[in-house]
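Engineer: no sequence for this one, just the structure:
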């Protein structure tokens, strides 16, 4: 388990080294960090939920688990994971649980962590995270941060379109921005 979580830490550190366009939410990040409620980042596929979680915690002491990792799911043992997190991320202040809906009975584990005072950020799909069973277990314990695909302003900003560009460059980049809006985000390399 330690090797799995250590590899995920390396993945987290690599992702944090990349440049991203900041996304705006209706919440103040400092207030979210201070809140003991679970921060639940939801939205459609490929809109940047994981990236938003990483950016909110950048420069903070936080642990990270990615539940898109089959090895983590196959070797899952709650007690071993809890101890390994403390070893790999000594004295972490926040815990980012990425795509946690892939873990069976995840809501019970999260509820236990919450009762133990762990300050958590969780990402995942709306349908699975906000099912009626989960809502019952975590009612009143979370703040939902809904992330949507780029709007026109964000897409134009991403493509670097500004008022000082020549018309041909502007057209080309606007076409790319509209494609990005239609597809919902940046393609993976």
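Structural biologist: Good, I have the coordinates. Predicted model, so just to flag it, every value in this text is computed and none were measured.

Engineer: element containing the one residue sitting closest to the centre of the chain, please.
Structural biologist: The centre of the chain sits closest to residue 50, judged by C-alpha atoms, centre = their mean, with a distance of 2.6 Å. In this assignment (DSSP states H and E), residue 50 forms part of helix 49-57.

Engineer: try residue 63
Structural biologist: strand 62-66.

Engineer: against which helices or strands is the following helix or strand past that strand packed?
Structural biologist: Following strand 62-66 in sequence order, the next helix or strand is helix 70-74 (DSSP H and E). If you count contacts as 3 or more C-beta pairs under 8 Å, 6 or more residues apart in numbering; DSSP states H and E, helix 70-74 packs onto helix 2-17. Yep, even glycine has a C-beta here, placed from its N, CA and C like the rest.

Engineer: what residues sit buried inside the helix it packs on?
Structural biologist: Neighbour-count burial for helix 2-17 flags 4, 5, 8, 9, 12, 15 (criterion: 16 or more other C-beta atoms under 10 Å).

Engineer: please apply the same query to stretch 55-72.
Structural biologist: Buried, per 16+ other C-beta under 10 Å, within stretch 55-72: 55, 56, 57, 62, 63, 64, 65, 66, 67, 69, 72.
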